[in-house]
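[1] Predicted structure and sequence below. I'll ask about it afterward.
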Amino acid sequence: MNIKKGDNVIVISGTEKGKTGKVLKAFPAHNTVLIEGVNVRKKHQKPRRTDQKGQIVDKTFPIHVSNAAVIDPSSGKQTRIGKKRIGDSFVRVSKKSGATLA
């Protein structure tokens, strides 16, 4: 999975197509990512204590990683990710511009 926590991504398919956001969490075992402001649903929450009321909260749900693409830091458009060896370690690079990603 090439998308990591902290990446700026754009949704490329589905009902949320075109929205951008930052990856809050990645779930590599399920191939899903949690993106802020994307796939927000209403969730009914029961009261946890006797003096507390039940409420409806907005909760962000994960989307599949294939529906998101990393935004190129230099051009601002979607790009694919490659790996480049620098010294003894590998870094992620943008396929469009060749810029390194953190």
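    Ah, there it is.

[2] and stretch 50-68, how far apart are its ends?
    In stretch 50-68, first residue to last residue: 42 Å (CA to CA, to the nearest Å).

[3] typo on my end, stretch 34-50
    32 Å.

[4] just use 488 as the starting number from now, easier for me
    Shifting the count to begin at 488 puts that one at stretch 521-537.

[5] what is the mean pLDDT for it?
    Stretch 521-537 shows a mean pLDDT of 95.

[6] Tell me which residues are up against that stretch.
    Contact with stretch 521-537 is made by 496, 498, 503, 506, 508-514, 540-550, 555, as judged by CB atoms under 8 Å, 6 or more residues apart in numbering. For glycine as for every other residue, the C-beta is placed from the backbone atoms N, C-alpha and C.

[7] Is it possible to mark the buried ones in the residues you listed?
    496, 498, 503, 506, 508, 510, 513, 547, 549, 550, 555 (16 or more other CB atoms under 10 Å).

[8] Take those residues and keep only those in strands.
    496, 498, 508, 510, 513, 547, 550, 555 (DSSP state E).

[9] what's the most distant pair in those residues?
    Greatest spacing in those, by CB to CB: 498 and 513 (15.0 Å).
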